[in-house]
Structures are given as C-alpha cells and as structure tokens.
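K.L.:
Show me the folded form of this:
(one chain, ligands or ions: 3)
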Amino acid sequence: MTDPIPTLLIHTRAELAAAVAAATDEVAVVMTMGALHDGHRALIRAARERSTFVLVTIFVNPLQFGPNEDFDKYPRTLEADLEACRAEGVSVVFAPGRDEMYPGGAPSITMNAGPLGEILEGASRPGHFSGMLTVVEKLLLLTRADVAFFGEKDFQQLALIRRMAHDLELGVEIVAVPTVREPDGLAMSSRNRYLSADERASALALSRALREGATHTDPDAVLAAATKILDGEPGIRVDYLALTAPDLGPAPPEGPARLLVAARVGSTRLIDNVPLQLKGH
Ligand SMILES: Nc1ncnc2c1ncn2[C@@H]1O[C@H](COP(=O)(O)OP(=O)(O)OP(=O)(O)O)[C@@H](O)[C@H]1O
Ligand SMILES: CC(C)(CO)[C@@H](O)C(=O)[O-]
Ligand code: BAL
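P.N.:
Ligands and ions are numbered 1, 2, ... in the order given. Down below sits the predicted model:
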C-alpha cells in the first residue's frame, strides 16, 4: 500500500536540516548504500513501526572501500530505490553527492574503530570500519537521528556502531533487524546482483554451512559441520569462518554466540552469519 505522504527526495544538508526540523515524530533513520532489496525494506518497516517520520539515506561511501574494491561498479539505482521507499511510506530520502558529505575532500579526522575493527572483516578490509563509522557518525549527526536501524547481516558493523554510540555517548538508539534471506537461504545483499547463475549456486554453500553448523551445540562440532560444507564447494574461497560471542569477543562456553563466514565467489565477496545455541561442556 502506498503511503499517503509523498516521499521527499533531497540531496543537500540544507534541505535535510529543514526536513528534520519539520519532523513531528521521532527521527527514525535507515542508512543504506542504495540498490535496495527486501533486507533494506525490513529495516524500513521496523523503522515505520517505530515512527511516522522515517528517513532513508542513500550514499555509496568512498571512505569505506579499499583501492581494489567495488566502489566504481557498486550498483546505483536511485529511481528504483525511490519507488521502494515510496511503497514503504518513507518520509524523506537523503541522497547526497560526495561533495555534500565530504565538503573540502576526504576528512583528515576520522573514526578509529579500535581492536574490534581489526579482526574478521577488518582484517580483510583494512580501513573499512574506520570509513564506515566516520560516515555513520556524520549521518547520525546530520539527520539528528533518535533511533537508527541496522541489519544483522553485517554483524560486525552493527556491533561497532553500537559500541561507537555507547563509547561516544551519541544519544541515539541502535536497533538490530534480523537477516532477510532468499527462499533458498542466500542472505539478501546488493552484491548478489554481481553473481552469475553458477556463482549464485555456489554462494548457497555459505548459508547452508551456517545452517548446518547451527544444528550443533558443541563449538567444535559447529565448526566441523560448517567447514565440511564449505570445503565441499569448489566455487568459493573462504576468507574466514569464525565462532564468536555477540560482541565478537571469544565465544563463551554457553550461548548466545554467533557463527560468521566470509567468502569470495568469483570476484564477489559475500558475508553471512547466524545465531548459535551453544551448550557448556
Ligand atoms: N539481507 C539483509 N537483511 C537485513 N538487513 C540487511 C540485509 N542486507 C543488508 N542489510 C542492512 O541494510 C543496511 C544497508 O546495507 P547495504 O546498503 O550495504 O546493503 P547490502 O545488501 O549489505 O549491500 P552489500 O552487502 O552489497 O554492501 C545495513 O544495515 C545492512 O546490514
Ligand atoms: C551503514 C552504511 C550505510 C554506511 O555507509 C553501510 O556500511 C551499509 O550500507 O551497511
Ligand atoms: N554492507 C556493508 C557495507 C560494505 O560492504 O561496504
């Protein structure tokens, strides 16, 4: 059903300030890099349940891409994104250009993601989390967000944003939304559109491995079951398979814990994770 309030598309900080000043409800923010899919729409719906004023940001942030990553080819689909936002009753879409986000060029002062920014995704993508946190912090301030919604699909990102909000007293509530999957289990991701049919079939090994691992309650059995499936799929190159606690520290003997995976399928890098119920032993 289309919301009766038309979605406003804006590109500048001045327009954003005016839109936020006119808000008559909590400012509920969903940050994205565009190429919206049903995972993003779940975030938007969660935000809509919370507030009548939902603000979606669309910005492919150059600061969080490494020199050999996919910044240039990252899908940019503003018209379709706007349609999705209209259908979900979004009040405002803020889609700034690079100069609007980083006037004067790349900032000389950026966020430090700390030790949690160095492991897993951070080890494979140096500087990624510093760039991500820098833009998230700027967007939280520019939107004057009361509450912001992030997907569990990017679990380490979510953990870091929570920690930044806590450690720096940002005064914003961070809400996590569970991962939305395709019917066959593949976690939705804008990068799935890079996959050929064969690569997509290979990519299913990630969710299958996590699902199989999560049927076990002993950490060694979890890892062994997941590894067996990943090793049996020649079309992927595993970057890491890791069992961690919710804050991404070492896993405790009792749950809750999480199983995370990252792998390359052709030239596409995908990530996924699931919660675990571990038993003490
Ligand atoms: N399948 C999903 N389920 C729930 N949330 C998701 C899903 N995919 C992305 N999100 C969330 O949407 C927000 C914006 O993510 P982003 O625009 O990077 O999309 P993406 O699909 O993760 O893209 P990519 O993985 O290609 O970078 C993030 O909070 C992210 O965790
Ligand atoms: C949070 C985010 C929008 C910051 O650029 C991005 O990392 C993403 O889309 O997950
Ligand atoms: N989806 C997380 C943002 C990134 O991969 O750059």
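
K.L.:
pretty sure residue 84 is touching residue 40, no?
P.N.:
Yes. Counting by CB atoms under 8 Å, residue 84 sits close enough to residue 40 to count as a contact (7.4 Å). For every residue, glycine as well, the C-beta is placed using N, CA and C.

K.L.:
So between these two, which is more surrounded?
P.N.:
Remark: of residue 84 and residue 40, residue 40 carries more neighbours, 27 against 20, as counted by other CB atoms under 10 Å.

K.L.:
so that one is in which element?
P.N.:
helix 38-50 (DSSP states H and E).

K.L.:
so for that helix, what's the average pLDDT?
P.N.:
Here helix 38-50 scores 98 as its mean pLDDT.

K.L.:
quick thing: my sequence starts at 202, can you match it?
P.N.:
Noted, 202 is the first residue going forward, which turns the last one into helix 239-251.

K.L.:
CA atoms of that helix as CSV?
P.N.:
Extracted C-alpha coordinates of helix 239-251, given in CSV (Å, rounded to 0.1, in the frame of the first residue of the first chain):
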residue,chain,number,x,y,z
ASP,A,239,13.9,-6.8,0.8
GLY,A,240,16.6,-6.7,3.5
HIS,A,241,16.6,-2.9,3.4
ARG,A,242,12.8,-2.9,3.2
ALA,A,243,12.7,-4.9,6.5
LEU,A,244,14.8,-2.2,8.1
ILE,A,245,12.4,0.5,6.8
ARG,A,246,9.4,-1.5,8.0
ALA,A,247,10.9,-1.7,11.5
ALA,A,248,11.5,2.0,11.4
ARG,A,249,7.9,2.7,10.2
GLU,A,250,6.6,0.7,13.2
ARG,A,251,8.5,3.0,15.5
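
K.L.:
neighbouring strands for the following helix or strand past that helix, and are they parallel or not?
P.N.:
Using DSSP H and E, the helix or strand that follows helix 239-251 in sequence is strand 254-259. Next to strand 254-259 in the sheet, as set by DSSP bridges, lie strand 228-233 (parallel), strand 293-295 (parallel).

K.L.:
contacts for the last one?
P.N.:
Yep, that's strand 293-295 we're talking about. Around strand 293-295, the neighbours that count as contacts under CB atoms under 8 Å, 6 or more residues apart in numbering are 208-212, 216-217, 220, 254-260, 282-283, 286, 343-344.

K.L.:
Show the buried residues in these.
P.N.:
Among the contacts of strand 293-295, those classed as buried by 16 or more other CB atoms under 10 Å are 208-211, 216-217, 220, 254-260, 282-283, 286, 343-344.

K.L.:
Contact partners for the residue nearest to residue 391 when sequence neighbours are not counted?
P.N.:
Once flanking residues are discounted, residue 391 sits nearest to residue 236: 3.8 Å by CB to CB, 6 or more residues apart in numbering. Applying CB under 8 Å, 6+ apart, we find residue 236 in contact with 275-278, 282, 391, 394.

K.L.:
Let me know the closest of those to ligand 2.
P.N.:
Of all the contacts of residue 236, ligand 2 sits closest to residue 391, with 8.1 Å by CB to the nearest ligand atom.

K.L.:
wait, the closest one sits on residue 275?
P.N.:
Yes. Residue 391 is within contact range of residue 275, at 7.4 Å (criterion: CB under 8 Å).

K.L.:
Tell me how far whichever residue of the stretch 352-482 of the chain sits closest to ligand 1 lies from residue 474.
P.N.:
Using CB to the nearest ligand atom, the single residue of the stretch 352-482 of the chain nearest to ligand 1 is residue 352, 2.2 Å away. In this structure, residue 352 and residue 474 are 11 Å apart, going by CB to CB, to the nearest Å.

K.L.:
Kindly report the same for residue 434.
P.N.:
18 Å.

K.L.:
Compare neighbour counts for those two and give me the winner.
P.N.:
Ranked by neighbour count (other CB under 10 Å), residue 434 and residue 474 place residue 474 first, with 22 against 19.
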